[in-house]
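Chemist: Please work out how this folds:
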Amino acid sequence: MKADHTARPTTRPPRRPTARGRVSRALVLTSATNMASREGLENVTIGRLATDVGMSKSGLVTLFGDKIDLQLAVIAHGRQVFIDAITERLDRQPSELPQTWRFVTAWMSYEHDGVFPGGCLLTALSAEYAGRTGGPVRDTVERMGREWLAALADAARTDQAAGHLPPTVDPDQIAFSLRAVFLVTNWHWKLFGDPESFERGRALAATILGQPPQPPPERGPR
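Modeler: From the prediction side, this is the model:
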């Protein structure tokens with residue numbers, strides 16, 4: 001997944017925030033993204049954030065614009081946090097392991113470590129917006145989901161070329177199946193608090209990939 005800073009069209013002139021403004025924006029986005037993971041993006045509003053972070057509504061409007069702009073900024077911030085967390089965990093693993101298995105281990109570690117307090121943000125956003133039609137927020141969530149599926153499918157193609165997966169398997173089906181594992185692992189962990197959720201998820205992923213589960217890597221600093 002590559003960083004994408006595309007924003008929706010706007011008629012407002014671009015803002016040039018001061019260093020203090022950039023710090024404030026980052027702090028607010030962290031609070032807003034954590035809130036979205038716990039309670040849903042629709043509950044992230046200018047008024048709610050103003051109360052939570054101790055800023056005025058007008059100050060937040062200056063930083064973000066309207067509610068849609070704020071929600072898009074939250075998704076962009078959460079997306080980058082997700083990319084950084086997965087990338088760091090991929091880099092922690094031996095490069096000779098199958099790429100698909102490295103993604104499984106990276107995602108399990110990201111979820112277990114509580115990078116987002118409410119669980120995987122992409123999973124939360126996908127559930128919240130799956131039944132909606134159109135609009136810049138829903139479209140951005142869909143694009144983020146497709147990007148993650150594409151990354152998993154590319155990993156499957158790499159493994160096919162390396163002989164880790166049979167040439168007859170469909171990389172898109174592998175991506176679909178692994179995404180399903182991540183969804184059910186997130187659900188089982190957040191709903192039941194069952195510490196075996198991750199081992200069950202890893203076992204299911206190993207079955208899908210036709211290989212024995214690899215041991216998790218040493219945990220680095222969070």
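Chemist: only C-alpha atoms for contact and neighbour calcs from this point on.
Modeler: Noted.
Chemist: pLDDT on whichever helix in the chain runs longest, on average?
Modeler: Ordering each helix of the chain by length in residues (DSSP state H) puts helix 136-162 first. For helix 136-162, the mean pLDDT works out to 97.
Chemist: and what of stretch 27-39?
Modeler: Stretch 27-39 comes out at a mean pLDDT of 94.
Chemist: ditto for stretch 98-118
Modeler: Mean per-residue pLDDT for stretch 98-118: 95.
Chemist: contacting residues for Gln160?
Modeler: Shown in contact with Gln160 (Cα atoms under 8 Å, 6 or more residues apart in numbering): Pro166, Pro167.
Chemist: What ranges does this protein have for its helices?
Modeler: For the chain, helices defined by DSSP H occupy the ranges 19-39, 46-53, 57-64, 67-91, 99-112, 121-129, 136-162, 171-192, 197-209.
Chemist: The last one - contacts with which helices or strands?
Modeler: I take that to be helix 197-209. helix 99-112, helix 171-192 (3 or more Cα pairs under 8 Å, 6 or more residues apart in numbering; DSSP states H and E).
Chemist: will you turn these into TSV that also has distance to Pro136 and mean neighbour count?
Modeler: TSV is the format used below for those (distance: least, Cα to Cα, whole Å; neighbours: other Cα atoms under 10 Å):
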stretch	distance to Pro136	mean neighbour count
helix 99-112	27	22
helix 171-192	23	18
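Chemist: So for Leu122, which of those helices sits nearest?
Modeler: Evaluated with Cα to Cα, these place helix 171-192 nearest to Leu122, the distance being 9.6 Å.
Chemist: which other helices and strands contact the closest one?
Modeler: Here helix 171-192 touches helix 99-112, helix 136-162, helix 197-209, going by 3+ Cα pairs under 8 Å, 6+ apart.
Chemist: So what angle separates the directions of the first one and helix 67-91?
Modeler: Right, the one you point to is helix 99-112. Following axes from the mean of the first three to the mean of the last three Cα atoms, to 10 degrees, one obtains 120 degrees for the angle between helix 99-112 and helix 67-91.
Chemist: same thing with the last one?
Modeler: When the same axes, to 10 degrees is applied, the directions of helix 197-209 and helix 67-91 differ by 70 degrees.
Chemist: Quick one: work out the angle between helix 197-209 and helix 171-192.
Modeler: Angle of helix 197-209 versus helix 171-192, following the same axes, to 10 degrees, is 160 degrees.
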